[in-house]
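Chemist: Take a look and give me a structure for this.
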Amino acid sequence: MSWSRREILRFGLTGLTLLTGGSLLTACGWKPLYGQSSVTPSGNATVDANLAAIAIKEPVWERDAAPFGPESVASRAKYDARTGQILHNALRDGLNPYGQPSAPAYSLDIELSESINRTITADEGDARREDLTLKANFALRDLKGNELLKEKTRSVVAYTVLQDPYNDLEARNDARDRTARQLAELIKLRLSAYFATHG
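Modeler: Next up, the predicted model:
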């Protein structure tokens, strides 16, 4: 295989660009958020080690856990334990793939709320497209119960309503799964940023 001058010049310029870009990132103070070089400001542990030391409590809903109990309100979304389970498992896998820590240094409390909004309706008033919004209020605490971080985040997923009960249920459940996984990534990112700056 022979190399033309143009290919050699292109590969050389690409390598020079990557080398220059890496040098500029290092010069501006950029450092990776995850991995062994993600040392916290205290220098005691990496961001990954701090994330692995978080005990994730089971997410709770901001409404009554019983969908048809005396406290339930028709305008609120129905209770869905599966969404909380998916969020919990996605967070556990993202923070510590080996499971809950045996000696946690932090705890994470999560409160969920869900809403469904019609975004497109047909002439006869039937929904054709809906947005499912899953909101999470979360708090990171140390072992003494001191609140280190308290924030809110949300995820919105749109899905099509086909006016077919089975397909509509599947579309809504898929939207719940996706919003729960997206929330887990957003919470992990925010916790990582916290440990990278305050850890």
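
Chemist: got the residue ranges for the strands in this structure?
Modeler: Along the chain, counting by DSSP state E, strands occupy 54-56, 60-61, 106-121, 127-142, 147-160.

Chemist: looking at the ones you listed, which is buried most?
Modeler: Highest mean neighbour count among the strands of the chain (mean count of other Cβ atoms under 10 Å): strand 54-56, with a mean of 22. Every C-beta, even on glycine, is put in place using the N, C-alpha and C of the backbone.

Chemist: what mean pLDDT would you report for that one?
Modeler: Here strand 54-56 scores 91 as its mean pLDDT.

Chemist: what helices or strands is it leaning on?
Modeler: Other helices and strands packing on strand 54-56, by 3 or more Cβ pairs under 8 Å, 6 or more residues apart in numbering; DSSP states H and E, are helix 81-95, strand 106-121.

Chemist: Regarding the chain, what is its longest helix?
Modeler: Ranked by residue count, the top helix of the chain under DSSP state H comes out as helix 165-198.

Chemist: Now do it: distance to the chain's middle.
Modeler: In this view, helix 165-198 has its centroid 5 Å away from the chain centroid, taken as Cα atoms, centre = their mean, to the nearest Å.

Chemist: quick one, that helix and strand 147-160 angle?
Modeler: 150 degrees (axes from the mean of the first three to the mean of the last three Cα atoms, to 10 degrees).

Chemist: which parts of helix 165-198 are buried?
Modeler: Judged by neighbour count (16 or more other Cβ atoms under 10 Å), helix 165-198 contains these buried residues: 168, 171-172, 175-184, 186-188, 191-192, 194-196.

Chemist: So for it, mean pLDDT?
Modeler: 91.

Chemist: All further residue positions should be reported with the first residue as 22.
Modeler: Will do, 22 is the new start, and the previous item becomes helix 186-219.

Chemist: so what does that helix touch, helix or strand wise?
Modeler: The contact analysis (3+ Cβ pairs under 8 Å, 6+ apart) places helix 186-219 against helix 68-73, helix 102-116, strand 127-142, strand 148-163, strand 168-181.

Chemist: what lines up beside the last one in the sheet?
Modeler: Yep, that's strand 168-181 we're talking about. strand 148-163 (antiparallel) (DSSP bridges).

Chemist: same check, this time on the third one
Modeler: Using DSSP bridges, the neighbouring strands of strand 127-142 in the sheet come out as strand 75-77 (parallel), strand 81-82 (parallel), strand 148-163 (antiparallel).

Chemist: mind saving the C-alpha coords of the longest one as CSV?
Modeler: Included here for strand 148-163 are C-alpha records, laid out as CSV according to Å, rounded to 0.1, in the frame of the first residue of the first chain:
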residue,chain,number,x,y,z
ALA,A,148,-54.7,12.8,22.4
ARG,A,149,-52.3,11.9,19.6
ARG,A,150,-49.1,12.8,21.4
GLU,A,151,-48.2,13.1,25.0
ASP,A,152,-45.2,14.3,27.1
LEU,A,153,-44.4,12.3,30.2
THR,A,154,-42.4,14.3,32.7
LEU,A,155,-40.7,12.7,35.6
LYS,A,156,-39.3,15.1,38.2
ALA,A,157,-36.9,14.2,41.0
ASN,A,158,-36.0,16.1,44.2
PHE,A,159,-32.8,14.5,45.5
ALA,A,160,-30.6,15.1,48.6
LEU,A,161,-27.1,13.8,49.3
ARG,A,162,-26.4,13.5,53.0
ASP,A,163,-23.4,12.4,55.0
